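A.B. asks: here are the coordinates; sequence isn't available:
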Ligand SMILES: Nc1ncnc2c1ncn2[C@@H]1O[C@H](COP(=O)(O)OP(=O)(O)OP(=O)(O)O)[C@@H](O)[C@H]1O
Ligand SMILES: [Mg+2]
């Protein structure tokens, strides 16, 4: 499973309980450096909650998470981000009052201290780089437009571009292609394959076509647990996975 | 023992007045999210209505209550229609707008009724004192306590046992979804706001014989009422009762121990600390966030 | 962006220059004193604009920093009068009247002018940092911040009134000496004080502008917009908020010190709820998201208040009018007068982007809920 033989992110027996309801129930997951891991599973399987635990949005009820050998489950969100984990949310979440360019600037957060930023006026020096990024996501015309004016698809793109600008070690993507056309989905796949060169990615997706296009290893979650793990073919053959998806019309259309 | 009991009863009396004033605010804030800083001015309008009805029409306090409720509710209804309804999506701005309304209301009263103190007579039947568990207490204060309990009962019934209340709670949960189910949120909000301000008016009328009536009287009430609501938890009616009782007892007790200023400061500090550690209030139900 | 910044700098410069030129045209000491007062309140509004307009912290206790600055200045100036007023006892007059026989320890350092000037900024900043740490570390947001700041203001106010022996109580600290530094005397009714204040306003405006133009300023705006999202980029939101809150308090402290100079006393009303809420109004009227707008809002509103309350016809109705204007501004001009001017100039000159939307003012208060949802 581990390509480079190095375990990057390890979730061990993670449990998240909401008033007694176990949204994540003893999840154990290992992701190695440079991997692009897809997580699939029916609605309510706990995929988003699992990502929430990694980036510190939701506390653990039990279990532990380590990243690059260090415990991160007791850190605050910003500390986890500084440790090198970035996150795209299921509902696109950007700064709606700020322009696209300003959004990208905020995301570029290698220096995150208050004082370092208070004396930082050289904001235009990174402009070229950010413009290139905007061009790549097709927003070069919109740099000075408030992000609140973008369409849903553009907002999705913007949030992904924010992650590229943030440049974290590990990127968590929650349903990046939701609401995208076939072409856009394809372009997203392209982006991910490019990102894979320098980053580790965990992508939660429902679109199996997309998963097939990008995924190395797929983890299937169901009712808060890890149901199966393997390549696309292995997963498609897996009897339990098939039975879980049977009700929803089979894995192909999940 | 005697003084202790007397202390408890004083605290309860303070608490019941707090609850009376806070109830309307709690309903408005809890359901519409509007922070009505003009609430104190509605209390003041209620008190002035009582005074006007007594002075010009010779009506006694008890007989005027229904009329006072209607007058202040009508005021609230108009203000909701004209101002508040444009601000439901900007809750922080409701603080500003309602404060402006409060300023206007104060000045309008000062110009029309004069700035001097006014007095409302206590209903003669309640002017005496009664003995509760061996403690002499003013009958009027006991009346307020009972009246508040009754009002609370009515409000609770309206919120949880009638279709209007059900609609209201549906809107509070999710306005858009509720309107998809054909619930007219505009109308329900208007009614809620009017009801809340009507309650404030009643509160003003009932406290008017205890304290003098002045254009500024609302300011202190709104702060106290706010503290009660925040402490009790935004959408918990029962929490409002408990926190009114706690604050009432606390105020009475601290005032007994030290001077008034220090007591007030200590109560405020307690509230600051409580908000810091439990912003959802002491008694709020935990829901999915 | 570049061009926008240049225009902005130009506008700020011209307005400040205009303020500095006023004494060349006005030589009535009373009028000059009045204008100086308005400018001081302008500085106070700049402070609130920084925390409310740029960071989304609705600080209803801004007058606390202002009042503390003002008391620090008053304490220094009071001690300068001691030899004149109370001779050998060496105590400020009100302490003598209250039967205090030794100068309390916290008054001692105020014998030094330098310490007083330092304290006028440092005390508000330290208190704000402490309160900010308490509040923002606990992730208290929106309305609750407003309530906590207001309650804290009231507590401090009550303490000052209660400790009459050391603070002068209700009367405040009166009968002060004139400020003298570097051989210059600042007479409340002279042009020297006016220049001092206009220069301070200029300094504070440009300083605050620099803060908002820095990367930190951008992060502050991002926090106003969607504070939870900012965390996932690695910024410590609490520290950024504490920073904005403290800087804002420092500016308010400066304003407070200057206010003592023009008013020639310090009073508990300087830390009053009334004043604190008024600052919010000025900012809202002028435009909370524009530092200059906020300053002008304060100057215009207080100026109007002054003018209306002096005229026969409006003596009684000006409060009514102010309340009305305020409600109208909140309803129809969420960006205040600055928003109107910006809109007009965009239409006339066509620069910048006229498509800037109405600010999204929703996010914070019912905050916890809506923000959490936005991160699902
Ligand atoms: N804050 C919360 N409070 C209570 N229950 C929650 C909370 N967050 C998630 N849940 C529940 O946990 C379960 C898992 O939710 P989650 O959002 O992780 O699912 P998901 O796999 O991402 O689903 P989808 O594919 O629909 O996005 C759901 O049943 C959900 O109702
Ligand atoms: Mg999900």
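C.D. replies: Sure, I can see it. Predicted, not measured: the structure shown is a model, and the values here were computed from it. Numbers count the residues shown, from 1 in each chain, chains lettered A, B, ... in the order given. Ligands and ions are numbered 1, 2, ... in the order given.

A.B. asks: contacts and neighbour counts: CA atoms only from here.
C.D. replies: OK.

A.B. asks: give me the low-pLDDT residue ranges for chain A?
C.D. replies: A:1-6, A:122-125, A:246-254 (pLDDT under 70).

A.B. asks: pretty sure residue A:46 sits against residue A:220.
C.D. replies: No - between residue A:46 and residue A:220 there is no contact under CA atoms under 8 Å: 10.6 Å.

A.B. asks: which one's more surrounded, these two?
C.D. replies: residue A:46 (24 against 21; other CA atoms under 10 Å in any protein chain shown).

A.B. asks: and the strands in the chain, which stretches?
C.D. replies: All of this refers to chain A. Assigned by DSSP state E, the strands in chain A fall at A:7-18, A:21-32, A:36-40, A:62-67, A:70-71, A:85-88, A:170-174, A:200-204, A:217-222, A:225-230.

A.B. asks: actually, chain C is the one I wanted.
C.D. replies: Going by DSSP E, chain C shows strands at C:179-181, C:184-186.

A.B. asks: scan chain C for its longest helix.
C.D. replies: The single longest helix within chain C, with elements called by DSSP state H, is helix C:237-263.

A.B. asks: and that helix, how far out from the chain's middle?
C.D. replies: 7 Å (CA atoms, centre = their mean, to the nearest Å).

A.B. asks: related to what we said a few turns ago, got the strands of chain A as JSON lines, with distance to chain C columns?
C.D. replies: As requested, these are exported to JSON lines (distance: least, CA to the nearest CA, whole Å):
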{"stretch": "strand A:7-18", "distance to chain C": "15"}
{"stretch": "strand A:21-32", "distance to chain C": "14"}
{"stretch": "strand A:36-40", "distance to chain C": "17"}
{"stretch": "strand A:62-67", "distance to chain C": "16"}
{"stretch": "strand A:70-71", "distance to chain C": "17"}
{"stretch": "strand A:85-88", "distance to chain C": "7"}
{"stretch": "strand A:170-174", "distance to chain C": "9"}
{"stretch": "strand A:200-204", "distance to chain C": "13"}
{"stretch": "strand A:217-222", "distance to chain C": "18"}
{"stretch": "strand A:225-230", "distance to chain C": "20"}
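
A.B. asks: would you list the ones you listed in TSV and tack on distance to residue C:140?
C.D. replies: Formatted as TSV, the strands of chain A follow (distance: least, CA to CA, whole Å):
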stretch	distance to residue C:140
strand A:7-18	22
strand A:21-32	27
strand A:36-40	34
strand A:62-67	27
strand A:70-71	27
strand A:85-88	24
strand A:170-174	27
strand A:200-204	32
strand A:217-222	35
strand A:225-230	34
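
A.B. asks: out of those strands, nearest to residue C:57?
C.D. replies: Nearest of the strands of chain A to residue C:57, taken as CA to CA: strand A:85-88 at 25.9 Å.

A.B. asks: near chain C, which residues of the stretch 1-150 of chain B?
C.D. replies: B:33, B:83, B:86-87, B:89-93, B:96-98, B:100-105, B:107-108, B:111 (CA under 8 Å from any CA of the partner chain).

A.B. asks: turn the strands of chain C into TSV, columns for mean neighbour count, distance to residue C:140 and mean pLDDT.
C.D. replies: Shown next, in TSV, are those (neighbours: other CA atoms under 10 Å in any protein chain shown; distance: least, CA to CA, whole Å; pLDDT from 0 to 100):
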stretch	mean neighbour count	distance to residue C:140	mean pLDDT
strand C:179-181	15	41	81
strand C:184-186	14	42	80
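
A.B. asks: ok, and the closest non-adjacent residue to residue C:51?
C.D. replies: residue C:57 (5.3 Å; CA to CA, 6 or more residues apart in numbering or on different chains).

A.B. asks: wait, which of the strands of chain C is closest to chain A?
C.D. replies: strand C:179-181 (30.7 Å; CA to the nearest CA).

A.B. asks: partners of the closest one, with directions?
C.D. replies: Paired neighbours of strand C:179-181 in the sheet (DSSP bridges): strand C:184-186 (antiparallel).

A.B. asks: run through the helices of the stretch 251-376 of chain C in chain order.
C.D. replies: Shown for the stretch 251-376 of chain C, the helices assigned by DSSP state H, counting those that start in this stretch span residues C:273-286, C:291-310, C:318-332, C:336-349, C:367-374.

A.B. asks: deepest of those, which one?
C.D. replies: Most buried of the helices of the stretch 251-376 of chain C, by mean neighbour count (mean count of other CA atoms under 10 Å in any protein chain shown): helix C:273-286, with a mean of 25.

A.B. asks: got any ranges where the stretch 151-289 of chain B has weak pLDDT?
C.D. replies: B:173-183, B:234-235, B:281-289.
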